[in-house]
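Student: Sequence first, predicted coordinates after that:
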Amino acid sequence: MKNLKIFDSSDDLINALAEAVRDASKEAIDAHGQFNFVLSGGGSPRKLYALLSSETYKNQIEWDKTWFFFGDERFVPDGDSQRNSLMAKQSLFEPLKIPEARIFKVDTSVSPEAAAQSYSQTIAAHFRKTPIEFDFVLLGLGDDAHTASLFPNTDVLKATEATFKSVFVKEVDMYRITMTAPLINRARKIAFLVFGESKSEAVYQVLKEKTGSAAQYPARLISTDENRVVWYLDAAAASRL
């Protein structure tokens, strides 16, 4: 069985995940002087970001040595309510007074393809041309078993390069910019944040069911290395396991 942490409530889950982020940040800063933290979008991480920016955690993490990235972004204008970066700004960056210079946002003023290429190049420059290995990648899981913007039956699932790609997602009629699975899998630590009964079928299909394929259940593309990947689930999300 993969590395699963199952909690009675979403609050307990969020508290445990905040501790994991804190511990990973200390480990990374001790090792190489900075913490490269990839954020997830959607509604699930909002409570985590609010906790990390609260009195409890804001002084437990060296935010001045933390750099922020996005695992995926909706291809909408800067400031649009659908942007992952806006949610993070409201719940994390503004409360912590994070300078813009340490936040890597996707530029959607160009074409989707150019946006993905530019984001990849900007991040490569941050890592000074060494292999991109994020310290902590936070992921969610959709009801359809997508993670980041790796949606079922999309061409980006076939990507073999560790980079960012643009992908058109028919289900939401929108382009997305997303990390490829190979790039996610380079990370030193990966955490899935999943709660709610609506996610229980997707959790089951990814973690336990052997039929079907990664094209149907994209989160299966993510590493199963128990030393690096942890699934944080509430009891409802884990109810089918």
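Tutor: Great, that's in hand.

Student: looking at this, Val38 is in a strand?
Tutor: Yes - assessed with DSSP: H, G, I helix; E, B strand; the rest coil, Val38 lies in a strand.

Student: Tell me, how many residues neighbour it?
Tutor: Residues contacting Val38 under the criterion other Cβ atoms under 10 Å number 24. To be clear about C-beta, it is placed using only N, CA and C from the backbone, and glycine gets the same treatment.

Student: With adjacent residues omitted, what lies nearest to Ser239?
Tutor: Ser200 (4.8 Å; Cβ to Cβ, 6 or more residues apart in numbering).

Student: looking at it, that neighbour is touching Asp234, isn't it?
Tutor: No - if you go by Cβ atoms under 8 Å, Ser200 and Asp234 don't touch, sitting 9.9 Å apart.

Student: Same drill for the two, tell me which one is more crowded.
Tutor: Higher neighbour count among Ser200 and Asp234: Asp234, with 23 against 20, using other Cβ under 10 Å.

Student: and the worst-scoring helix or strand of the chain on mean pLDDT, what other elements does it pack with?
Tutor: Every helix and strand of the chain was ranked by mean pLDDT, DSSP states H and E. The lowest is helix 84-88, at a mean of 94. Using 3 or more Cβ pairs under 8 Å, 6 or more residues apart in numbering; DSSP states H and E, the elements in contact with helix 84-88 are helix 46-52, strand 66-70, strand 72-74.

Student: could you dump those to CSV with mean neighbour count, mean pLDDT and distance to Ala159?
Tutor: Shown next, in CSV, are these (neighbours: other Cβ atoms under 10 Å; pLDDT from 0 to 100; distance: least, Cβ to Cβ, whole Å):
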stretch, mean neighbour count, mean pLDDT, distance to Ala159
helix 46-52, 21, 96, 27
strand 66-70, 21, 98, 17
strand 72-74, 24, 97, 13
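
Student: Next, count neighbours for Lys165.
Tutor: 24.

Student: Okay, buried residues for stretch 87-94 please.
Tutor: 87-89, 91-93 (16 or more other Cβ atoms under 10 Å).
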